[in-house]
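[1] When you get a sec, could you give me coordinates for this:
(chains A and B)
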Amino acid sequence: MSWIDWIVFFGFLAYVVWDGVRRGIGSKNLEAYFAGSRAIPWWAAGLSVMATQASAITVIGTTGQGHDFGMEFVQTYFGLPLAMILLCIFMVPLLRKNPILTAYEYLEGRFGAATRTLASLIFLVSRCLAFGVVIFAPSVVLSAMTGLDTLSTVIFIGVLTTTYTMLGGVSAVVWTDVKQMTVIIFGLVLTAGILLWSLMGQMGLGDAIHIMGASGKLNALEPEPASWNLIPNLAWAEDAAPSFWEDRYNLWSGLLGGLFLMLAYFGCDQSQVQRILTNPSANESRKALLMSAFAKVPMQILVLFIGALLYLFNVMGAPPLFFNPNHKALAESSQNIEAFRPIEEQYRQALQQQRRLALQLAEAPDGPSSHPRLLERYQASVSQVSALRQQARARIGVGDQRDTNYVFPHFILHNLPPMVLGLLVAAIFAAAMSSADSALNSLTSSTIVDLYKRWLRPDASERQALLASRITTVFWGIAATSAALLFAGGGSVIELINRVGSFFYGSLLGVFVLAMISKRAGPWAGFLGLIGGMASVLAVHWTLRVGFLWYNVIGCLGVLAVGLAVSRFEERRL
Amino acid sequence: MSVQDPKQPEKFDTRLYWGVGITAILWMLLLYWFTATFNIPLGG
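    Predicted coordinates for the structure are as follows:
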């Protein structure tokens, strides 16, 4: 990065942090620290909801997914609009009926202190792990950019975010999120514009779409799953043909699995629920949620389309054999370099062939489908390029580590002009911090409200509780930054974070649904139901081959089955 | 504390729900058309 990029980068970070702290530093009690004195306008809370979900992983990992696997991932978000409507109708009235500070406070009134505490602990563990992933992802960019090691990068993000969250509370979080979300959207639109501008010198927009389609990257909606066999395979039946439940991204897994994931995430995860507790009224909370319902699907389409455009940009250019600079360094080490010469030569020739065929397809009239032989040759070249990259990774012993998350960083580092590069890197950091600050403040609110004030110091004054909150923020900042280093493995980080959530989210959703649908369910039903839900997910994980999106459905249904069964005995006791 | 009074719940303009639902369906129809028209799976 040039000096002007560094000025843009640090200038943006300094402004965001200063303004966030300025707005929130006057907090005098927990109501102000964790709920912004219930005075945050709906549009700011709505942008904060979006910024919290749009982590750096959205920018780095999802564009990489679009590059490697096409737009299929967008289907995960198909359940989001309906989830938001259901939350507005059923969940918001529950959460805004009383002036609570965490989602789990509601559970105590319904199922007792044990269920509330268990739900809070589940949240704390899962969110801390997910928080680790959220701050690890952008360290990929800074490491690739400056040569700094991952540890220093993670610590930089962790310390900065912890500082302004600790000083300013939820007001600092929301108002920094507003600016961070604005920069993220601006950065994404700018990237799409630059990519289109670069490609338009070589072909028209229609041709570009045809080639992306011929490369299988425009697979945005798949109504037909890989299989309609509804009987799941056993985990150890490795040779069995995949069942319906193993196909990760299709219309049905997106609508149903995605619906449960979004219901659980936006309705039961304190990092999101806390946003809708900051508004002056229930209707303002509803509007904040509906902002995501309108904007999230087109935003994901944009992000994945950028990934597909990146793929086309690489087809027309000269992409490296390795996007991950660590893999490149491994390949260039003295004992490997000779073995790579033939692969590099084959790769160079395959790229030339791919580019030549892509240009022929672009010039062919009536689209690629009208030229089956040319299309077949082009797709064979696409597969060959992919196979050579896989072969190269296998040669250096990282065959199972795709470099999905390095595609976007590679593009911005090597193709963007000064200032724009600084802005894009700032946008990635903004994305990381906007998710990390929400996680941090919500971890603290649940620790203080559900554990400290509930069990340890019920008679603590507001001043003591506020001091404890600031200390707890620092504690979680250190814990989550340490957790980030545990995730410094390879693979696609976006899936990892969803998996972490999916193990617990469905059960949390289930206990809230149980509270709504069963008046008979009491403390034992809530507590045992919650344990039963998590046990169901673990049992399925160990015995059956089921895609992680379905874990949310299984967890929720597990809670309802156990909770409703237990509630029958509870009534007899009463 | 400026929390709404539960005894007098505000009315919410439910046309927003219809707007969200119809917009979501239109996005899915657009993506269905886009995929069916332009996408050719590798080897397909």
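[2] and the longest helix for chain A?
    The longest helix of chain A (DSSP state H) is helix A:150-200.
[3] next one: that helix to chain centre, how far?
    14 Å (CA atoms, centre = their mean, to the nearest Å).
[4] Okay, buried residues for stretch A:23-34 please.
    Judged by neighbour count using 16 or more other CB atoms under 10 Å in any protein chain shown, the buried positions of stretch A:23-34 are A:23, A:24, A:27, A:30, A:31, A:32, A:33, A:34. Yep, even glycine has a C-beta here, placed from its N, CA and C like the rest.
[5] could you pick out which of those residues are near chain B?
    Filtering the buried residues of stretch A:23-34 for proximity to chain B by CB under 8 Å from any CB of the partner chain leaves residue A:31.
[6] Just give me the closest of the buried residues of stretch A:23-34 to chain B.
    Of all the buried residues of stretch A:23-34, the one sitting nearest chain B is residue A:31; the distance, using CB to the nearest CB, is 6.9 Å.
[7] Residues contacting the helix or strand containing the closest one, please?
    According to DSSP states H and E, residue A:31 maps onto helix A:30-35. Contacts with helix A:30-35, where a contact means CB atoms under 8 Å, 6 or more residues apart in numbering or on different chains, come from A:24, A:26-27, A:37-38, A:99, A:101-102, A:169-171, A:274, A:277-278, A:441, A:444-445, A:448-449, A:453, A:462, A:465-466, A:469, B:1.
[8] how about 10 Å then?
    With CB atoms under 10 Å, 6 or more residues apart in numbering or on different chains as the contact definition, helix A:30-35 has outside contacts at A:24, A:26-27, A:29, A:37-39, A:99-102, A:168-172, A:270, A:274-275, A:277-279, A:441-442, A:444-446, A:448-449, A:453, A:460, A:462, A:465-466, A:468-470, A:473, B:1, B:3.
[9] Restricted to strands, list these.
    Judged by DSSP state E, strands contain none of these.
[10] can you pull the contacts of residue 10?
    Using chain A here. A:422, A:426.
[11] um, chain B though
    Counted by CB under 10 Å, 6+ apart, residue B:10 has contacts A:281, A:282, A:283, A:284, A:286, B:4.
[12] Okay, and which of those map to helices?
    Reading helices off these with DSSP H, I get A:282, A:283, A:284, A:286.
[13] Pipe these into a markdown table and attach neighbour count and pLDDT per row.
    Formatted as a markdown table, the ones in helices among the contacts of residue B:10 follow (neighbours: other CB atoms under 10 Å in any protein chain shown; pLDDT from 0 to 100):
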| residue | neighbour count | pLDDT |
| --- | --- | --- |
| A:282 | 22 | 95 |
| A:283 | 20 | 95 |
| A:284 | 22 | 96 |
| A:286 | 26 | 97 |
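[14] near chain A, which residues of chain B show up?
    B:1-6, B:9-14, B:16-25, B:27-44 (CB under 10 Å from any CB of the partner chain).
[15] For residue A:237, which three-state class applies?
    Assigned with DSSP: H, G, I helix; E, B strand; the rest coil, residue A:237 falls in the coil class.
[16] Next up, identify which helix or strand the residue in the stretch 51-200 of chain A positioned nearest to chain B is on.
    Chain B sits closest to residue A:81 of the stretch 51-200 of chain A, with a gap of 3.8 Å, by CB to the nearest CB. Using DSSP H and E, residue A:81 falls within helix A:80-86.
[17] So which elements touch that helix?
    helix A:258-268, helix A:282-316, helix B:15-38 (3 or more CB pairs under 10 Å, 6 or more residues apart in numbering or on different chains; DSSP states H and E).
[18] Which helix or strand in chain A has the lowest average pLDDT?
    helix A:139-146 (a mean of 69; mean pLDDT, DSSP states H and E).
[19] Just the angle for whichever strand or helix holds residue A:352 relative to helix A:282-316, thanks.
    Assessed by DSSP H and E, residue A:352 sits inside helix A:337-363. Counting by axes from the mean of the first three to the mean of the last three CA atoms, to 10 degrees, helix A:337-363 points 100 degrees away from the direction of helix A:282-316.
[20] Going by neighbour count, list what's buried in helix A:337-363.
    Buried residues in helix A:337-363, counting neighbours by 16+ other CB under 10 Å, are found at A:340, A:343, A:346-347, A:350-351, A:353-355, A:357-359, A:361-362.
[21] May I ask which two of the residues you listed are separated the most?
    Spanning the widest gap among the buried residues of helix A:337-363 are A:340 and A:362, at 31.5 Å by CB to CB.
[22] OK, now which residue of the stretch 201-350 of chain A is nearest to chain B?
    residue A:213 (3.5 Å).
[23] Surely that residue and residue A:311 touch.
    No - contact criterion CB atoms under 10 Å: residue A:213 and residue A:311 do not qualify, at 11.4 Å.
[24] where does the stretch 451-574 of chain A dip in pLDDT?
    Applying pLDDT under 70 to the stretch 451-574 of chain A flags the ranges A:487-501, A:571-574.
[25] residues contacting residue 42?
    With no chain named, the answer covers chain A. If you count contacts by CB under 10 Å, 6+ apart, then residue A:42 has A:275-276, A:278-281, A:283-291 around it.
[26] My question was about chain B, not that one.
    A:70, A:214, A:215, A:216, A:217, A:219, A:378, A:379, A:380, A:382, A:383, A:386.
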